[in-house]
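In: What follows is a predicted structure for the sequence shown.
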Amino acid sequence: MLLSPSAHTALGIVLAVGGSKGKVQLAPQAHSGSPDDAHVTVGKFLAIRTASSTVIGVITEIETGGQGADSGLTARIDLFGEIRRGDGGRPVFQRGITNYPAVGDRVDLLGNDGLRAVYDTAGADVINIGHLQQDGTIGAYIKVNEMLRKHFAFFGSTGVGKSSAVAVILRQVLEAKPNLRVFLVDPHNEYARSFREKAQVLTPKNLKLPFWLFNFEETVDVFFRGRPGLEEEVEILSHVIPLAKAQFSLAHGGGGHTLRKIDPTGTAYTVDTPVPYRLSDLVALIDERMGKLENRSSTTKYGRLISRIETVRKDLRYAFMFDNANVGGDTMADVLNQLFRLVPEGKPMTVMQLAGFPAEVVDSVVSVLGRMAFEFGLWSDGALELLFVCEEAHRYAPGDKSIGFGPTRKAVSRIAKEGRKYGVFLGLVTQRAAELDATIISQCSTLFAMRMANERDQQVIRSAVSDAAASLLEFLPSLGTREAFAFGEGVALPTRLRFSQLAPEHIPRSESVSSSALADSSMGVDAAFIERVVERWRGATMGSKRKIGESLIGDIEKLNVSPHETDRATLREAALAMRREPGAEPAKPGPAGPSVALRK
């Protein structure tokens with residue numbers, strides 16, 4: 001039955017109809033002594049019988065005209081669609097109203113069969129992410145292709161289960177579309193545990209993202225540590241970077257030799273062409289220009305620029321960019337394969353953990369990743385479908401054009417506007433809808449709205465959904481944990497749903513600080529503990545060779561001999577032997593040999 005089985009008499013009648021809204025007069029039994037399954041309140045779905053169909057509406061407001069239970073209640077409803085008889089007499093739901101109800105038409109609660117006719121769209125093109133809030137026996141189904149190919153967005157305050165909900169959807173997407181590649185920007189290092197068996201996890205320690213893959217704006221942002229570049233230095237870079245690219249190309253593709261002088265107008269490279277070049281060549285070209293200046297007072301800007309480049313290159317936090325910066329080699333194909341799992345090898349997903357990167361370079365890194373995702377889709381003619389999911393999206397694509405990093409916003413926006421043509425799809429996740437670029441939100445055809453109390457955030461979402469669904473947003477502040485409203489192309493109707501519960505081992509949790517560490521943070525804190533924290537802190541910015549070297553020096557000191565008694569190479573071997581056999585007495589170093597400096 002499409003109507004509630006407990007509704008033996010009409011729940012009410014239609015009082016007024018207009019456009020996408022209506023008003024219903026409720027019978028006294030609808031609000032007096034009704035069983036739980038027939039209890040009438042906001043959020044309940046109603047069925048209005050017409051001559052040719054059953055019109056579906058949802059209660060958004062109930063009011064009374066007087067005192068007492070029998071004073072007469074009226075309900076305001078939003079109309080969404082209608083159920084008609086399809087082939088074989090099977091009920092079929094369609095959006096929109098073709099035959100409006102008339103004043104006086106009978107109104108009842110929509111029964112279980114009616115809910116299934118509306119929402120139960122199980123098939124090859126859908127994923128089940130939970131169940132309806134109105135009826136836990138009916139799954140919450142999402143049309144996966146509609147959701148992906150027209151982009152989607154997640155909104156919700158902290159603590160409402162947003163990260164778990166994203167994990168539920170992505171796990172289902174990966175099951176339904178094994179040929180899809182997923183790239184997840186993870187600012188808080190919390191998703192690795194959710195996809196451990198399905199994803200590679202990239203961190204500053206294992207990422208290789210050569211500096212020459214950065215376009216000009218991104219390169220300037222790196223060299224100037226996230227601050228606006230000085231115009232005179234930026235101009236110098238714009239001239240020498242194409243020359244450095246041409247010089248590298250001549251050295252590696254033109255007979256193995258490098259020409260000393262390159263005509264700037266003769267090179268086909270631009271500042272944004274993604275081809276290798278060496279930092280040593282770049283610095284040499286700047287130094288050469290500085291040497292030709294007759295007015296020595298003008299050399300300051302050149303020297304300052306060289307100093308900036310060298311400072312960033314030597315900063316070990318930037319090793320993921322500048323490792324082998326002066327060696328060269330075209331690794332672009334390998335980088336693309338690593339980033340986007342072009343050859344998946346059983347792991348079609350990448351989790352890009354950003355928490356360990358220098359804060360001033362994070363925006364540039366996200367810009368490079370988003371831009372490369374789009375351009376790979378563009379130049380491969382959409383050979384592989386790729387979903388680019390961006391957590392904390394308001395940081396990378398803010399609505400206020402005066403903040404944030406322009407190229408990052410441009411990269412995200414380009415995927416939103418053009419990506420679907422090239423098989424590159426976008427998923428946005430944010431707790432601050434009001435701070436996200438409204439133009440990008442408008443490109444997302446499926447929205448998931450979880451609990452939000454901020455009126456500005458609600459207003460942004462209200463402007464992004466259809467008028468017929470806007471009234472449902474009044475319920476946002478009262479949604480429970482793991483509950484959400486789903487709007488748009490991915491669902492049959494605006495749906496209040498509860499996401500599936502993840503297994504404990506798959507629940508997202510930040511790997512930066514464990515909850516147990518927080519719980520015990522007041523225990524065992526002493527001078528030795530603080531010293532260990534300081535050592536780890538400093539070690540994070542030291543190269544592995546230096547750390548090994550300093551550790552070995554500490555072991556050498558335990559040998560209780562003077563460095564003058566023997567050579568440092570012998571001491572080093574003795575220390576290493578002590579490390580290989582813990583607790584063993586180190587052998588006394590032999591006679592001094594040739595002096596060899598200890599490498600750090």
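Out: Done, it's in. Note that the coordinates shown come from a computational prediction; the quantities given were computed from them, not determined experimentally.
In: Determine the longest helix present in this structure.
Out: For the chain, the helix with the greatest residue count under DSSP state H is helix 231-253.
In: For that one, which helices and strands make contact with it?
Out: Applying 3 or more CB pairs under 8 Å, 6 or more residues apart in numbering; DSSP states H and E, we find helix 231-253 packed against helix 216-223, helix 279-291, helix 300-314. In short, each C-beta sits where N, CA and C put it, glycine included.
In: Just the C-alphas of the helix or strand just after the longest one, formatted as CSV.
Out: This points to helix 300-314. Using DSSP states H and E, the next helix or strand after helix 300-314 towards the C-terminus is helix 319-322. Output in CSV follows, covering the C-alpha atoms of helix 319-322 (Å, rounded to 0.1, in the frame of the first residue of the first chain):
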residue,chain,number,x,y,z
ALA,A,319,63.3,17.9,0.3
PHE,A,320,60.2,16.4,-1.5
MET,A,321,60.6,19.2,-4.1
PHE,A,322,64.4,19.8,-4.2
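In: how about the helix or strand harbouring Ala75: buried residues?
Out: Assigned by DSSP H and E, Ala75 belongs to strand 73-85. Along strand 73-85, these residues count as buried under the neighbour rule (16 or more other CB atoms under 10 Å): 73-84.
In: Stretch 18-30 now?
Out: Neighbour-count burial for stretch 18-30 flags 20-27, 29-30 (criterion: 16+ other CB under 10 Å).
In: What's the mean pLDDT across stretch 492-510?
Out: Stretch 492-510 shows a mean pLDDT of 90.
In: got it, and stretch 131-138?
Out: Averaging pLDDT along stretch 131-138 yields 87.
In: what distance separates the start and the end of that stretch?
Out: By CA to CA, to the nearest Å, the extent of stretch 131-138 from end to end equals 6 Å.
In: Show me what counts as buried in it.
Out: Neighbour-count burial for stretch 131-138 [16+ other CB under 10 Å]: 131-135, 138.
In: Can you tell me which helices and strands the strand holding Ala75 packs against?
Out: Under the contact definition 3+ CB pairs under 8 Å, 6+ apart, strand 73-85 sits against strand 12-18, strand 21-26, strand 45-49, strand 54-64, strand 91-95, helix 112-119, helix 467-470.
In: Identify the residues contacting the residue nearest to Leu213 when sequence neighbours are not counted.
Out: Take Leu213 and drop its neighbours on the chain: the residue closest to it by CB to CB, 6 or more residues apart in numbering is Pro274, 5.4 Å away. Going by CB atoms under 8 Å, 6 or more residues apart in numbering, Pro274 touches 212-213, 215, 332.
In: again, but for Ile441
Out: Applying CB under 8 Å, 6+ apart, we find Ile441 in contact with 153, 428, 433, 460, 464.
In: still on that earlier bit, send over the strand holding Ala75 as CSV, restricted to the C-alpha atoms.
Out: Output in CSV follows, covering the C-alpha atoms of strand 73-85 (Å, rounded to 0.1, in the frame of the first residue of the first chain):
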residue,chain,number,x,y,z
LEU,A,73,-4.3,21.8,13.2
THR,A,74,-3.0,22.8,9.9
ALA,A,75,0.2,21.7,8.2
ARG,A,76,2.3,23.4,5.6
ILE,A,77,3.9,21.1,3.1
ASP,A,78,6.4,21.2,0.3
LEU,A,79,5.4,19.2,-2.9
PHE,A,80,8.2,17.2,-4.6
GLY,A,81,6.7,14.8,-7.1
GLU,A,82,4.2,12.1,-7.7
ILE,A,83,3.8,8.3,-7.9
ARG,A,84,2.2,6.9,-11.0
ARG,A,85,1.5,3.4,-12.2
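In: what angle separates that strand from strand 12-18?
Out: Interaxial angle of strand 73-85 relative to strand 12-18 (axes from the mean of the first three to the mean of the last three CA atoms, to 10 degrees): 80 degrees.
In: now strand 73-85 and strand 91-95, what's the angle there?
Out: Using the same axes, to 10 degrees, strand 73-85 lies at 120 degrees relative to strand 91-95.
In: Describe which strands strand 73-85 pairs with in its sheet and in which direction.
Out: Sheet pairing here is set by DSSP bridges, and for strand 73-85 it gives strand 21-26 (antiparallel), strand 54-64 (antiparallel), strand 91-95 (antiparallel).
In: Show me the buried residues of stretch 131-138 that map onto helices.
Out: Per DSSP H, helices hold no members of those.
In: just the helices in the stretch 301-450 of the chain please.
Out: Using DSSP state H, counting those that start in this stretch, the helices of the stretch 301-450 of the chain run over residues 319-322, 332-340, 359-379, 393-396, 406-418, 438-442.
In: Give me the contact list for the first one.
Out: By that I understand helix 319-322. With CB under 8 Å, 6+ apart, helix 319-322 has contacts from 204-205, 207-211, 214, 222, 279, 312-313, 357, 361, 543.
In: low-confidence ranges in the stretch 201-350 of the chain?
Out: 253-267, 294-297 (pLDDT under 70).
In: circling back: now find how far off-centre the longest helix of the chain is within its chain.
Out: Offset of helix 231-253 from its chain centre (CA atoms, centre = their mean, to the nearest Å): 34 Å.
In: buried sites along that helix?
Out: Those buried within helix 231-253 under the rule 16+ other CB under 10 Å are 233-234, 236-237, 240-251.
In: Likewise for stretch 304-315?
Out: In stretch 304-315, counting by 16+ other CB under 10 Å, buried: 305-306, 308-309, 312-313.
In: For Ser163, state which of those is nearest.
Out: Val312 (32.9 Å; CB to CB).
In: Pretty sure the closest one sits against Val222.
Out: Yes - at 6.3 Å, Val312 counts as touching Val222 under the criterion of CB atoms under 8 Å.
In: Next, show the common contact partners of these two.
Out: Here Val312 and Val222 have Tyr318 as joint contacts, going by CB under 8 Å, 6+ apart.
In: And the nearest residue to Leu110 once chain neighbours are set aside, how far from Pro494?
Out: Leaving aside its chain neighbours, Leu110 sits nearest to Phe45 (4.0 Å; criterion: CB to CB, 6+ apart). Here Phe45 is placed at a distance of 11 Å from Pro494 (CB to CB, to the nearest Å).
In: Many thanks, have a good one.
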